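Participant: Give me the fold of what follows.
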Amino acid sequence: MPDLITTLEHEHKSIMTLLEKARGLGPNSPEGRKILGEATRLLMQHMKRDDEEVFPVLERAADSNGAVKEALRWFVVHRTISAEAVSAVCERLQSPASEFEYAKDFGSLMAIVTNRLQREESILYPVFRQVAGGSKG
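Facilitator: Next comes the predicted model:
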């Protein structure tokens, strides 16, 4: 059975694959909207899993470990902001005002998601693996 972090990293790949597929299908495509909906659901489930399974472990460790606390600093500030931004942008993408608005909103979504997922993989997950001692992640 894959460990938690391996599972989360696989979710990252699935999310990005779905978003790229939705981008290719375009705003006026029913299939594109369907794929975007799937990506949105997976992304929201993923962020919930981070909130419930990753952050609590790291927050407890941050109480006594300055390096963990420093690694968490960006996520503490941006965790809620990125979840709210993703929700708002995905809602607008379901009924875009124009192709230009779709492109602009989709670009925003990709930037938010890419930034968060890259930071999770480069900062958060390595720290989680250290804190969990390899047993959970």
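Participant: just the helices in this protein please.
Facilitator: 4-25, 30-49, 55-62, 66-93, 99-119, 125-132 (DSSP state H).
Participant: Check the ones you listed for me: which has the lowest mean pLDDT.
Facilitator: Set side by side, the helices of the chain give their lowest mean pLDDT on helix 66-93, at a mean of 81.
Participant: about what we covered before: can you lay out the helices of the chain as JSON lines showing mean neighbour count?
Facilitator: Bear in mind the C-beta positions are built from the backbone N, C-alpha and C, glycine included. Conversion of those to JSON lines gives the following (neighbours: other CB atoms under 10 Å):
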{"stretch": "helix 4-25", "mean neighbour count": "17"}
{"stretch": "helix 30-49", "mean neighbour count": "17"}
{"stretch": "helix 55-62", "mean neighbour count": "16"}
{"stretch": "helix 66-93", "mean neighbour count": "15"}
{"stretch": "helix 99-119", "mean neighbour count": "16"}
{"stretch": "helix 125-132", "mean neighbour count": "18"}
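Participant: Centre of the chain to stretch 117-128, how far?
Facilitator: Distance of stretch 117-128 from its chain centroid, counting by CA atoms, centre = their mean, to the nearest Å, is 11 Å.
Participant: With stretch 35-46 instead?
Facilitator: 10 Å.
Participant: now stretch 124-135
Facilitator: 18 Å.
Participant: Same check on stretch 78-85?
Facilitator: 10 Å.
Participant: If anything else comes up later, I'll come back, but that's it for now.
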